[in-house]
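Visitor: Sharing a sequence plus its predicted fold:
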Amino acid sequence: MPEEASGGSQAQPKAHQEEVGAQQAAASRQPVSSEGLSTAEAEQLLRVHGRNELEEKHTSKLLIFLKLLVMPMPIMIWLAVLVEAAIGNWVDMFILLLIQFVNAFIAWYETTKAGDAVRALKASLRPQATARRDGVWQTLDAAALVPGDLVLLASGSHVPADCRVNEGTVDVDQSALTGESLPATIRAGEPAMMGGTIMRGEVHATVEQTGKHTFFGRTATLLQSVDSVGSLQRVLMRVVTVLLILSFLLCGIVLIFLLARGERFRDALGFIVVLLVASIPIAIEIVSTTTLALGSRQLSAQGAIVTRLTAIEEMAGMTVLCSDKTGTLTLNQMVIQADCPTFAPGQSRASVLQAAAMAAKWWEPPRDALDTMVLGAADLGALSGLRHVDFTPFDPTLKRTEANIQAAGGATFRVTKGAAHAVCSLLPADNAETVAQVNAKVEEYGRRGIRCMAVGLAEGKGPWRMLGLLTFLDPPRPDTRDTLEKALGYGVDTKMITGDNVLIARETARALGLGTRICTPEGLPSLPASGRVPRDLGVSLAPLVLASDGFAQVWPEHKYLIVEALRQAGHGVGMTGDGVNDAPALKRADVGIAVSGATDAARASADIVLTEPGLSTIVDAIIIARRIFRRIAAFLNYRIAATLQLLLFFFVAVFAFEPQRYNPQQWPSYFQLPVLMLMLITLLNDGTLISIGYDRTVASPRPERWNLRQIFFMASVLGLVACLSSLLLLWACLDAPNPGSAFQRLGLPAVEYGKIITLIYLKVSISDFLTLFSSRTTGFFWSSRPGGLLLGAALFSLSLSTVLACAWPAVTVHPNIPVLGLARGEHRWGALLVWIYCLAWWVIQDALKVAAHSVLIAFNVFGVRTWDTGKGAVDGRLLGIRVDVDADGTPAAPLTQYTTAQGVHHEVEAGLTDLQQAYEQLHKDLAGARGADERRTLEQHLTAVQSMTNQINELTADGVDFLETLKQEFVADMRQLHADLMDWCQKKATSLTALSDRTQDTNQRFEKAQQETRSLGVDASAI
């Protein structure tokens, strides 16, 4: 690192001593310079060493499509196709094949579209390199570089591979590798690592290592070890497994029952296979993939490219965000601060800046990061009458620059800027007091992680004077603090993990309100030589990570282990970064996020790539992800309910409702729907469900977690109610010809068997779609307005099902099942009857759903009120009201009071730490004081520090009172909200009681009128 400015050193853990020693030994050997390669030599070496890029596994689109045909659900359909072909049901076989390829095509299209977007992004960001080939300098793809190539490293270019400098000196920004903000000086014979950026100078360098053999390639084992199944895949697999076991069990029982009763094996097997295909969730992966793909498009509109679709769902459950500092939380560029101590009369920050600008070639483009910083802050217009007589550029041995300036009147003076101790060495011997003051200030700023640059001036040949200290640091991005506060409002805590100096990290964390409990690598475990991650990190390391606000001076393996410890502790972990040193942790995290301007290694390891500067997009991504989570949860709730309705309906119908018992001469021995009707139900349902990705949902104010027991319970309530209503309708239709049947009591005529088939088909179809709207919410179905596309798709499918049920021609399908449309023949009111019946049962179904959810909440069944963070169960009711949510799901009022109070707490904490250090130093000075005057002065300082302590204690007390008042106001608001809610419920209960009374009175009047009608001998159905 160039020492033109004062800064801290960076510690290195023992685990890396051997690697550092090897690098130093390599740096000390004689460099092997290259004069360039020929094209033939380069092609031969390329075949030996491979391309200079990270290895990625690419799967062809054809292979992706073929894999979609051999997944668990498609395998079930293939088995059904084989069975149908074996028994000669060619029409059924064709229908199943059609469903198979349509489902596979939709999933293939959505999956490959996301991959194409990522590849297009990577292609647009492909790095270039300048290399000497065939004796000519040419620009080529950096991936084509091979060991032995001669490359040009010039200011502003990237280091395309691990190289060794042939001659000269160059400054390299290695923040992407080490986290250090200031550039490092690389001299002849020393290595420049891939991923760095040339800040100053121009040299020729010889490529030594490429691709997986570079610095980052040596950590490739960390990336290759990550091959875990996402939480959504695990959830879907569990749901599918449960439904498959239930389907096979019930269908197997039905098959045995039918065969034992003497049914033909071919007919019984054909019925069971079709029922199995109709009941299992064939499109569960397609709908999930489509919903996630639509979410990725929404994120891309916000400046976030999704490279792994399931990361969207995992972001919804993110509880901890681990963030790199340099370039992520900060700007990754040094900025002059307002604080500027001066040591000469009449000096100010502006005059010191102007002198510092004179110590550079202000009329030329800046040569390095420090010149860029100074010239960007100084008033260069005031230097128009000055010129350089002589200029000494920065020298690593002098650690400063110097310029001899001539003013417009001919007077000359000298200015210098550089490291504080270098400028202090120029001062006369009688300036010892000034030197002491400068050193004290540098030490004071150093404890806070702020760097200093000294500026001196000498008139003509006169002595040097210290003008002042320019303070600078890499400041936080303007939107970072607001973004972190919003993330906290959504229940996501942020931990800073950086390779930079601990003092700098602590100052950055203090400015961002993250807290100042920044730890160093001491005490952190190292990755074993085997590369296997310990399984007890959730117990041994996670408590330390959770108790801290961040870590500094860490290496890539430390970041990796910190992320893994949080994952083992049960947290959903996000990781943001931009450098090679962040890549392993990005790969290990549940959600790896590469920020704008990230290196190729970081982008290749990340699940989401940001294209806009800053972290504000992450909050938008959290909101979108939680909305998508709600959509997928609603889909699973519905899919389970629909499967239970269909499966249990036919299971009970086969055993309990034998059509021959009601009409022995004409009706079959067991009830079944034609294959085409079952497949229509499946196709229309799946087609409608694809639009659930556009549904209108509200993002949860807390991280989401899968609670499958709750989902299965609520789906069972919905499915059982729908199944019961279908069984009652089937019984009523079959029993209609018998005296005293429900149809006769209602004055309805009996219907023929062909219409019973279409009645049940329409009933199951309508109930399925109405159940979809009930499964979207835990409250009544009208509490959340559905998305326009979902509503339109459902209405279209309902209309199509109704039209088909009404217009179905009079046919007899295999095996001897008559079918007749409801609008054909006599009694054409069947469709209207079914609609009224379904709507009535929908209201009952929705009311029972709300009641069931209320019981779960009241008694905390399945832990629905609690949320496991890894640190213990947290009351979900409190988490659920941390922010107010508008109708569109955006937070109306972020939790600014809490985060502001937390920031004040951290400020007080930092102040008390400084005071404690001041106490200790004053007591030491007081004990060693010589003379009464010195003791009196120190006692005065001690009194002043005690006064400041009292003031901070008062501030702390005020803060405690403020938080207590805030708590009391919160409790009062909650009590008032509870009282208002109970009052509203009481009013609704009173209204429902009155409505029930009026309904009972109306029923009594209706029965009385019927009795009077019968007594007069009038046929009520003819009126």
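Guide: Great, that's in hand.
Visitor: any idea how far Gly577 is from the spatially most central residue of the chain?
Guide: Per Cα atoms, centre = their mean, the C-alpha nearest to the average position across the chain is that of Met315, at 2.9 Å. Per Cβ to Cβ, to the nearest Å, Met315 is found 16 Å from Gly577. C-beta here means a position set from N, CA and C on the backbone, and glycine is covered the same way.
Visitor: Equivalent analysis for Thr412, please.
Guide: Here Thr412 is placed at a distance of 50 Å from Gly577 (Cβ to Cβ).
Visitor: And His388, by the same measure?
Guide: 42 Å.
Visitor: Between the two, which has more neighbouring residues?
Guide: Legend: neighbour count by other Cβ atoms under 10 Å for His388 and Gly577, higher for Gly577 (35 against 15).
Visitor: so after the helix or strand encompassing Ala509, what's the next helix or strand?
Guide: Assigned by DSSP states H and E, Ala509 falls within helix 502-512. The C-terminal neighbour of helix 502-512 among helices and strands, as given by DSSP H and E, is strand 518-519.
Visitor: For Arg465, identify the helix or strand it belongs to.
Guide: Arg465 is located in strand 464-473, with elements delineated by DSSP H and E.
Visitor: what's the angle between that strand and helix 502-512?
Guide: For strand 464-473 and helix 502-512, the angle between their directions (axes from the mean of the first three to the mean of the last three Cα atoms, to 10 degrees) works out to 60 degrees.
Visitor: what distance separates strand 464-473 from the centre of its chain?
Guide: 44 Å (Cα atoms, centre = their mean, to the nearest Å).
Visitor: cool, and stretch 803-821?
Guide: Distance of stretch 803-821 from the chain centroid (Cα atoms, centre = their mean) equals 50 Å.
Visitor: What's the end-to-end length of that stretch?
Guide: Across stretch 803-821, the terminal residues are separated by 9 Å (Cα to Cα, to the nearest Å).
Visitor: List of residues touching it?
Guide: Residues outside stretch 803-821 that contact it (Cβ atoms under 8 Å, 6 or more residues apart in numbering): 89, 264, 267, 270, 668, 672-677, 680, 752-755, 757-759, 761-762, 765, 822-825, 828, 830-831, 834.
Visitor: Filter those residues down to the buried ones.
Guide: Restricting the contacts of stretch 803-821 to buried positions leaves 89, 267, 270, 668, 672-677, 680, 752-755, 757-759, 761-762, 765, 822-824, 830-831, 834, with burial counted as 16 or more other Cβ atoms under 10 Å.
Visitor: Next step: these restricted to helices.
Guide: Judged by DSSP state H, helices contain the following of the buried ones among the contacts of stretch 803-821: 267, 270, 675-677, 680, 753-755, 757-759, 761-762, 765, 830-831, 834.
Visitor: remind me which residues of the stretch 201-350 of the chain are low pLDDT?
Guide: Using pLDDT under 70 as the threshold, the predicted model of the stretch 201-350 of the chain has low-confidence ranges 216-230.
Visitor: follow-up on the earlier one: the residue nearest to the centre of the chain: what's its closest spatial neighbour, skipping adjacent residues?
Guide: In this structure, Met315 finds its nearest non-sequential neighbour in Ala625, 3.9 Å apart by Cβ to Cβ, 6 or more residues apart in numbering.
Visitor: host element of that neighbour?
Guide: Element membership of Ala625 [criterion: DSSP H and E] is helix 616-656.
Visitor: do Ile844 as well
Guide: Assessed by DSSP H and E, Ile844 sits inside helix 830-859.
Visitor: in terms of contact, does Ala621 touch Ala304 like I think?
Guide: Yes. With contacts defined as Cβ atoms under 8 Å, Ala621 counts as touching Ala304 at a distance of 5.5 Å.
Visitor: which of these two has more neighbours?
Guide: Neighbours of Ala621 and Ala304, each counted by other Cβ under 10 Å, are more numerous for Ala621; the result is 28 against 23.
Visitor: how near is Ala357 to Met334?
Guide: 15 Å.
Visitor: Show me which of these two is the more surrounded one.
Guide: Each of Ala357 and Met334 has its neighbours counted (other Cβ under 10 Å); Ala357 has more, 25 against 22.
Visitor: show me the contacts for that one.
Guide: Contacts of Ala357 by Cβ under 8 Å, 6+ apart are Val374, Leu375, Ala378, Leu380, Leu383.
Visitor: and the first one, what does it touch?
Guide: With contacts defined as Cβ under 8 Å, 6+ apart, Val374 is in contact with Ile336, Leu353, Ala356, Ala357, Ala360, Lys417, Met453, Leu470.
Visitor: from those residues, which single one is nearest Leu321?
Guide: For Leu321, the closest of those turns out to be Ile336, at 30.0 Å, with distances computed as Cβ to Cβ.
Visitor: hey, what's the closest one bridged with?
Guide: Beta bridges link Ile336 to Phe472, judged by DSSP bridges.
Visitor: Am I right that it is in contact with Thr471?
Guide: Yes. The pair formed by Ile336 and Thr471 meets the contact definition of Cβ under 8 Å, at 7.4 Å.
Visitor: Kindly state the pLDDT recorded for Ile450?
Guide: Among the per-residue scores, Ile450 holds a pLDDT of 87.
Visitor: For it, give its distance to Ala304.
Guide: For Ile450, the distance to Ala304 under the criterion Cβ to Cβ works out to 33 Å.
Visitor: which residues are in contact with both of Ala621 and Ala304?
Guide: Joint contacts of Ala621 and Ala304 (Cβ under 8 Å, 6+ apart) are Ile608.
Visitor: Please enumerate the helices of the stretch 1-150 of the chain.
Guide: Assigned by DSSP state H, counting those that start in this stretch, the helices in the stretch 1-150 of the chain fall at 17-28, 39-49, 61-68, 72-86, 90-124.
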